[in-house]
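Peer 1: quick one, structure for this:
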Amino acid sequence: MKLGFGKIRDALIGGTGENVAEEKKEQLKRENPEKGNEIPKMTVEENESEISDCGLKMELEKTVRRLERVQSPPADCSKAKKTGLIFFPAFDWAISPTHPEREERLLYTRDQIFEEGLMDLPEIAEYKPRLADYRDIARVHFCIPDVKAQATTPHLIAAGSCLVLADALMKGEVKNAFALVRPPGHHAMTVAHGNRGFCNINNEAILVEYLRKKYGLRRIAIVDTDVHHGDGTQEIFYNDPDVLFISFHQDGRTLYPGSGFINELGGPKALGRTINIPLPPETPDEGILYVLDSLVLPILEDFKPELILNSAGQDNHYTDPLANMRFSAQGYAKLNEKLAPDMAVLEGGYAIQSALPYVNTGIILAMAGLDYSCVREPDYKPGMFVQSSRDRHVLEEIVASQLENWNNRDKLVETETSKHGDFYRRKKQIFYDTDMIQELQEETIRMCPDCQGYMTIDSQAHSQMNNSRIFGVSIPIYACNSCQAEAREEYRKRLSYPEYEYVYLQDKKTDEYRTYNRKTKLETVY
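Peer 2: The predicted model follows:
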């Protein structure tokens with residue numbers, strides 16, 4: 001499978017980039033119960049090992065929390081010349097031995113990038129992965145019944161790898177970064193009852209909230225280039241006006257998950273900050289790059305994000321077995337060069353031999369600023385896929401419509417927010433195709449005049465094995481003090497409701513996450 005990169009071979013050097021992987025943070029210790037309304041509180045470690053000695057641990061926890069809440073400002077990375085890279089194929093995790101999302105998925109990519117010496121290029125800095133903390137997961141998800149049940153060790157490493165590269169980027173060690181990791185995550189939503197769309201936890205969302213908490217970033221853009229609509233990432237940030245989510249994907253009328261239409265624009269206070277681009281099946285390089293140039297890049301220029309993140313799905317490729325698009329490795333490399341993301345995170349892509357080795361190689365070279373013109377699939381011939389005039393007209397209409405939505409976003413927000421009182425509610429049905437779970441949700445948003453408001457979710461899940469109902473309260477990182485106090489009171493009240501098996505508090509402002517188990521009467525604190 002060698003691609004014969006003469007220029008790359010000449011540029012090889014011995015050795016790789018230094019390992020700057022952070023050591024795993026110390027697990028949080030038990031909190032001191034408040035007087036009057038005492039609920040037994042247990043940290044993750046205590047919940048598993050039932051440690052009783054807590055005096056010193058409580059003081060350590062308070063110190064750790066104070067230190068971690070001090071934001072680390074990002075360093076100037078304008079002088080950095082390297083592209084950070086982590087390769088984590090998770091060979092010990094698979095949905096099933098024959099499932100498309102299995103351990104062999106990145107075998108050919110591994111052989112390709114190591115055989116061609118990409119990890120030894122002077123422009124590449126290789127980093128080693130680490131485990132994400134449970135708190136990193138709880139910052140994004142209400143995991144049922146707890147984080148450990150949904151995030152296996154490979155999931156924690158995949159998410160942790162993204163955080164390692166985020167630290168390298170923010171410290172100015174690299175100019176950009178690519179997390180070549182699995183399992184993927186962009187279908188995982190705020191509530192996680194199980195696996196849907198091959199995803200348990202959302203790596204990209206975990207990355208965003210980590211960057212906000214640790215480095216104080218606020219305006220972040222996510223561009224999802226997976227062939228499947230990134231419905232999980234969209235749902236997580238749907239009501240957040242500071243996160244711009246753009247997804248281009250095969251039309252949801254023809255492909256899982258059946259969503260991602262142009263009328264999905266965001267919640268009342270974030271209208272226009274979700275931009276969906278449903279592409280006609282068989283759209284080739286020409287069509288996708290037209291959308292990028294005509295719609296995506298102008299919106300990004302106007303939004304002026306502090307960082308651009310790419311959910312780098314590779315299943316738009318013309319050989320992918322799960323979709324019907326016509327993108328090539330050259331097209332992916334050109335897209336990456338034009339988009340110039342600060343960080344890319346691997347999502348889908350299931351043509352493990354005919355696509356992923358070439359696409360990943362092209363993306364790596366493009367991010368490193370190297371010549372990728374020699375990266376071609378063995379059967380690819382320029383001009384073999386042509387955009388039809390009918391589909392070009394469809395794309396032109398989508399671009400015009402979404403540009404209008406973007407330019408009118410403030411008016412859309414003003415009009416929509418005037419329709420609601422103190423709360424905005426919507427009901428959703430969510431199907432977990434992997435675990436065959438049917439979920440019914442009612443989402444409530446506090447329509448606060450001073451911030452984006454807190455959110456509550458009442459979720460009921462039904463499966464052949466189990467039925468469960470939970471209630472979650474989520475406080476955004478930039479919530480006002482009034483919303484924070486109101487949300488915490490909402491959490492406290494729900495602890496006595498017998499219909500909920502678990503009640504969750506997600507306080508991103510203080511970086512505190514709680515799970516109350518009604519059966520055991522114990523509260524776990526992350």
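Peer 1: distance of the most centrally placed residue in the chain from residue 136?
Peer 2: Among the residues of the chain, the one closest to the centroid is residue 204, at 1.9 Å (Cα atoms, centre = their mean). Going from residue 204 to residue 136 by Cβ to Cβ, to the nearest Å gives 13 Å. (Glycine included, C-beta is placed from N, CA and C.)
Peer 1: do the same with residue 321
Peer 2: Residue 321 sits 33 Å away from residue 136, going by Cβ to Cβ.
Peer 1: show me which of these two is the more surrounded one.
Peer 2: When residue 321 and residue 136 are compared for neighbours, residue 136 comes out ahead with 26 against 12, by other Cβ atoms under 10 Å.
Peer 1: restricting to C-alpha, output the helix or strand hosting the more buried one in CSV.
Peer 2: When elements are assigned from DSSP states H and E, residue 136 belongs to helix 134-138. Extracted in CSV, the C-alpha atoms of helix 134-138 (Å, rounded to 0.1, in the frame of the first residue of the first chain):
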residue,chain,number,x,y,z
TYR,A,134,-14.8,10.9,34.9
ARG,A,135,-15.4,14.6,35.6
ASP,A,136,-14.5,15.4,32.0
ILE,A,137,-17.3,13.1,30.9
ALA,A,138,-19.8,14.3,33.5
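Peer 1: would you mind identifying the next helix or strand past it?
Peer 2: That would be, after helix 134-138 and using DSSP H and E, strand 142-143.
Peer 1: average model confidence for the helix or strand just after that following strand?
Peer 2: Using DSSP H and E, the helix or strand that directly follows strand 142-143 along the chain is helix 147-150. Mean pLDDT, helix 147-150: 94.
Peer 1: what kind of secondary structure is the residue nearest to the centre of the chain in?
Peer 2: helix (DSSP: H, G, I helix; E, B strand; the rest coil).
Peer 1: how much space separates it from residue 406?
Peer 2: In this view, residue 204 and residue 406 are 21 Å apart by Cβ to Cβ.
Peer 1: low-confidence stretches in the stretch 101-250 of the chain?
Peer 2: Applying pLDDT under 70 to the stretch 101-250 of the chain picks out residues 101-102.
Peer 1: which parts of it are strands?
Peer 2: Secondary structure of the stretch 101-250 of the chain (DSSP state E, counting those that start in this stretch): strands at 124-126, 142-143, 176-181, 191-192, 220-224, 243-250.
Peer 1: what packs against the fourth one?
Peer 2: With contacts taken as 3 or more Cβ pairs under 8 Å, 6 or more residues apart in numbering; DSSP states H and E, strand 191-192 sits against strand 142-143.
Peer 1: separation between residue 363 and residue 430?
Peer 2: Residue 363 is 31 Å from residue 430, where distance means Cβ to Cβ.
Peer 1: now residue 182
Peer 2: With distances taken as Cβ to Cβ, residue 182 is found 23 Å from residue 430.
Peer 1: give me the nearest residue to residue 267, chain neighbours excluded.
Peer 2: Spatial nearest neighbour of residue 267, excluding adjacent residues (Cβ to Cβ, 6 or more residues apart in numbering): residue 239 at 3.5 Å.
Peer 1: I figured the one you found hits residue 266, correct?
Peer 2: Yes: using Cβ atoms under 8 Å as the test, residue 239 is close enough to residue 266 to be in contact (7.1 Å).
Peer 1: is it true that residue 292 touches residue 339?
Peer 2: Yes: applying Cβ under 8 Å, one finds residue 292 in contact with residue 339, separated by 6.7 Å.
Peer 1: count of neighbours near residue 301?
Peer 2: By other Cβ under 10 Å, 9 other residues sit near residue 301.
Peer 1: check the one 10 residues further on too.
Peer 2: Counted with other Cβ under 10 Å, the burial measure for residue 311 works out to 28 neighbours.
Peer 1: how about residue 131?
Peer 2: 18.
Peer 1: am I right that residue 277 is in a strand?
Peer 2: Yes: counting by three-state DSSP, residue 277 is part of a strand.
Peer 1: mind checking how far the closest residue to it other than its chain neighbours is from residue 88?
Peer 2: Nearest non-adjacent residue to residue 277, counting by Cβ to Cβ, 6+ apart: residue 248, 3.8 Å away. Going from residue 248 to residue 88 by Cβ to Cβ gives 26 Å.
Peer 1: again, but for residue 260
Peer 2: Distance, residue 260 to residue 88, by Cβ to Cβ: 28 Å.
Peer 1: which of the two has more residues huddled nearby?
Peer 2: Comparing residue 260 with residue 88 by other Cβ under 10 Å, the one with more neighbours is residue 260, at 25 against 20.
Peer 1: before we move on, the earlier item: my read: the residue nearest to residue 277 touches residue 289, true?
Peer 2: No: counting by Cβ under 8 Å, residue 248 does not reach residue 289; the two are 10.7 Å apart.
Peer 1: compare those two and say which is more crowded by neighbours.
Peer 2: residue 248 (28 against 16).
Peer 1: contacts only, for the more buried one.
Peer 2: 224, 225, 276, 277, 278, 279, 288, 291, 296 (Cβ atoms under 8 Å, 6 or more residues apart in numbering).
Peer 1: pLDDT wise, what is the fifth one at?
Peer 2: Listed pLDDT for residue 278 reads 98.
Peer 1: so what's it closest to, chain neighbours aside?
Peer 2: Spatial nearest neighbour of residue 278, excluding adjacent residues (Cβ to Cβ, 6+ apart): residue 251 at 4.1 Å.
Peer 1: roughly how far does that neighbour sit from residue 276?
Peer 2: Taking Cβ to Cβ, one finds residue 251 at 10 Å from residue 276.
Peer 1: the more surrounded of the two?
Peer 2: Set side by side, residue 251 and residue 276 show more neighbours around residue 276, with 24 against 18, by other Cβ under 10 Å.
Peer 1: which one is that one nearest to, not counting chain neighbours?
Peer 2: residue 260 (4.5 Å).
Peer 1: pretty sure that neighbour sits against residue 231.
Peer 2: Yes: counting by Cβ under 8 Å, residue 260 does reach residue 231; the two are 6.8 Å apart.
Peer 1: what about the residue nearest to residue 278, distance to residue 184?
Peer 2: Residue 251 is 21 Å from residue 184, by Cβ to Cβ.
Peer 1: can you pull the buried residues of the host helix or strand of residue 483?
Peer 2: Assigned by DSSP H and E, residue 483 belongs to helix 481-494. Buried residues in helix 481-494, counting neighbours by 16 or more other Cβ atoms under 10 Å, are found at 483, 484, 486, 487, 488, 490, 491, 494.
Peer 1: export the residues you listed to JSON lines and tack on pLDDT?
Peer 2: As requested, these are arranged in JSON lines below (pLDDT from 0 to 100):
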{"residue": "483", "pLDDT": "98"}
{"residue": "484", "pLDDT": "97"}
{"residue": "486", "pLDDT": "98"}
{"residue": "487", "pLDDT": "98"}
{"residue": "488", "pLDDT": "98"}
{"residue": "490", "pLDDT": "97"}
{"residue": "491", "pLDDT": "98"}
{"residue": "494", "pLDDT": "97"}
